[in-house]
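# Quick one, fold the following:
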Amino acid sequence: MIKTVLLTGALFLTTANIYAQQTITPADTVNAVQRLFQKHRTGGWVWTTIGAAFAVRIASVAAASSATDGFASTTGGTIVGVGVFGGVPAGIGISKLTRFSKSKEEQVVALYNQSGILPPYVRKRLKTKHFHQQ
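You can find the predicted model right below:
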């Protein structure tokens, strides 16, 4: 048991040293920002697609159902369903697509190249995984 703990600790310290010795260049930061924006744009498309699919499905089921099916649909219920299950995910997706658009990415990269400063919303989202090619 003690050997296992000591070996695990030694492995952790060795790994920590390897990561601590790596230096991050401005080019690495630009690549990491580009990866971050691309991942958020992809997520935006996924959220928007899911929201749109839910909205279409809810609307089509409501339009096709009748009171004889055993499923009675009201207009108000359909609007709430489309808004909650379709509109919320679509809104999240559109928000991501807006905040992490290609033009915003170009602005952030240009700002970083000129001044070495990243906006807070980018800086707080950059993680180690963005600096390493996956």
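
# which residues sit in contact with Gly51?
Applying C-beta atoms under 8 Å, 6 or more residues apart in numbering to Gly51 gives the contacts 85-93. Placement of C-beta: from N, CA and C, glycine included.

# what do you get if the cut-off is 10 Å, keeping everything else the same?
By C-beta atoms under 10 Å, 6 or more residues apart in numbering, the contact list for Gly51 reads 82, 85-94.

# for Gln34, same thing?
So Gln34 contacts 105-106, 108-109, 130 (C-beta under 10 Å, 6+ apart).

# Most neighbours of all those, which one?
Within those, most neighbours by other C-beta atoms under 10 Å means Val108, with 22 neighbours.

# Where does that residue fall, secondary structure wise?
Using DSSP states H and E, Val108 maps to helix 102-115.

# What does the pLDDT read for the spatially most central residue of the chain?
For the chain, the residue nearest the mean C-alpha position is His40 (4.0 Å; C-alpha atoms, centre = their mean). At His40, the model reports a pLDDT of 94.

# Just want the phi and psi numbers for it.
phi -70, psi -30 (degrees, to the nearest 10).

# quick one, what contacts it?
By C-beta under 10 Å, 6+ apart, the contact set of His40 is 96-97, 99-101, 104-105, 122, 125.

# can we see that at 7 Å?
96, 100 (C-beta atoms under 7 Å, 6 or more residues apart in numbering).

# Can you give me the separation between it and Thr49?
Separation of His40 from Thr49 (C-beta to C-beta, to the nearest Å): 15 Å.

# likewise Val109?
According to C-beta to C-beta, Val109 and Thr49 sit 27 Å apart.
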